[in-house]
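**Student:** Build me a model:
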Amino acid sequence: EMQWFHADDYIDFLRRVNPDNAHQFQKELTQFNVGRSGGDCPLFDGLYEFCQSYTAGSIDGARKLMAGSADIAVNWSGGLHHAKRSEASGFCYVNDIVLSILELLKFYPRVLYIDIDVHHGDGVEEAFYVTDRVMTLSFHKFGDMFFPGTGDIWDVGAGVGEYYAVNF
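**Tutor:** Prediction:
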């Protein structure tokens, strides 16, 4: 399910890499922004299993909403909104939000995603920037070199997704 959004080579890397064999993955560590000295996405034992766990919780929550067995779904370990298709970012490795939205789109024609984190939900916005099926609404701090440096009020989407990205 993680490969619904993420690149196969990225997920394969997360599955195979660990602190003991990291020296075998020097190119990929840089390419995928994992385990870099001073970076914000450290490599640790059980990384892949951690990603599986929080992602499964979010996708399961989406499924419960679609089935009508829940009115509200919260995954306290989820919400890793900075992960990109082929890159970890901001302590986020797998974007469980994007995967959950993709699950919801199997049932609903459109989804409104509201992000109230102090950091812009760049990974989610980027994933849906050119579609009108998902509106991303992000309330965050912007400017003054604040991470991740995206989410200007003028970033509004593109193509059929124009005006489906809203940043405050």
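
**Student:** what about the strands in this protein?
**Tutor:** Assigned by DSSP state E, the chain shows strands spanning 111-115, 134-138, 165-167.

**Student:** Spatially, what comes nearest to the most centrally placed residue in the chain if we skip its sequence neighbours?
**Tutor:** By C-alpha atoms, centre = their mean, the chain has its centre lying nearest to Asn95, at 2.4 Å. Counting by C-beta to C-beta, 6 or more residues apart in numbering, Asn95 lies nearest to Ala83, which is 3.9 Å off, once chain neighbours are set aside. C-beta coordinates here come from the backbone N, C-alpha and C atoms, glycine included.

**Student:** Touching, that neighbour and Gly121? I think so.
**Tutor:** No: contact criterion C-beta atoms under 8 Å: Ala83 and Gly121 do not qualify, at 10.5 Å.

**Student:** for the lengthiest helix in the chain, packing partners?
**Tutor:** When the chain is parsed with DSSP state H, its longest helix is helix 47-67. Packed against helix 47-67 by the contact rule (3 or more C-beta pairs under 8 Å, 6 or more residues apart in numbering; DSSP states H and E) you find helix 8-16, helix 96-104.
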